[in-house]
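Trainee: quick one, fold the following:
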Amino acid sequence: MLLLDEPTEGIQPNIIQQIGRVIRTLCDQGDMAIVLVEQFFDFAYDLGSEFTVLKRGEVVFNKRAETLSRDELY
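Mentor: From the prediction side, this is the model:
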């Protein structure tokens, strides 16, 4: 398992794209679970297959990507 806690925090946009490509490559290999904690919703939405959204420590929802719209993340 790989746990990434806000890997885009304070990072330049071009580096964020590179981080995303590395995470996507790891996801596509399918050899490990990746947990991404991220406040940059667009970044997470483009990478994730399942989303759990918390608000003040409480689960707001848990959905698979195919049942989630971007609007629900905002």
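Trainee: Val59 is in contact with Thr52, isn't it?
Mentor: Yes - contact between Val59 and Thr52 holds when scored by C-beta atoms under 8 Å: they sit 6.1 Å apart. For every residue, glycine as well, the C-beta is placed using N, CA and C.
Trainee: who has more neighbours out of those two?
Mentor: More neighbours surround Thr52 than the other of Val59 and Thr52, with 12 against 9 (other C-beta atoms under 10 Å).
Trainee: partner residues bridging that one?
Mentor: Applying DSSP bridges to Thr52 gives these bridge partners: Asn62.
Trainee: and the residue nearest the centre of the chain, how far from Glu6?
Mentor: Residue closest to the mean C-alpha point of the chain, counted by C-alpha atoms, centre = their mean, is Ala44 at 2.8 Å. Between Ala44 and Glu6 the computed distance is 10 Å (C-beta to C-beta, to the nearest Å).
Trainee: overlap of the contact sets of the two?
Mentor: Listed contacts common to Ala44 and Glu6 are Glu38; contacts here mean C-beta atoms under 8 Å, 6 or more residues apart in numbering.
Trainee: residues contacting stretch 39-47, please?
Mentor: Applying C-beta under 8 Å, 6+ apart, the set of residues contacting stretch 39-47 from outside is 6, 8-9, 16, 20, 23-24, 27, 36, 38, 51, 65, 68, 70, 73-74.
Trainee: let me know whether Asn62 touches Gly48 as I believe.
Mentor: No - the criterion here is C-beta under 8 Å, and Asn62 misses it with Gly48 at 11.6 Å.
Trainee: those two: who's more crowded?
Mentor: Shown here are Asn62 and Gly48; by other C-beta under 10 Å, Gly48 has more neighbours (20 against 11).
Trainee: who does the biggest helix by length in the chain touch, helix- and strand-wise?
Mentor: Longest helix in the chain by number of residues (criterion: DSSP state H): helix 13-29. If contacts are counted by 3 or more C-beta pairs under 8 Å, 6 or more residues apart in numbering; DSSP states H and E, helix 13-29 sits against strand 34-37, helix 41-47.
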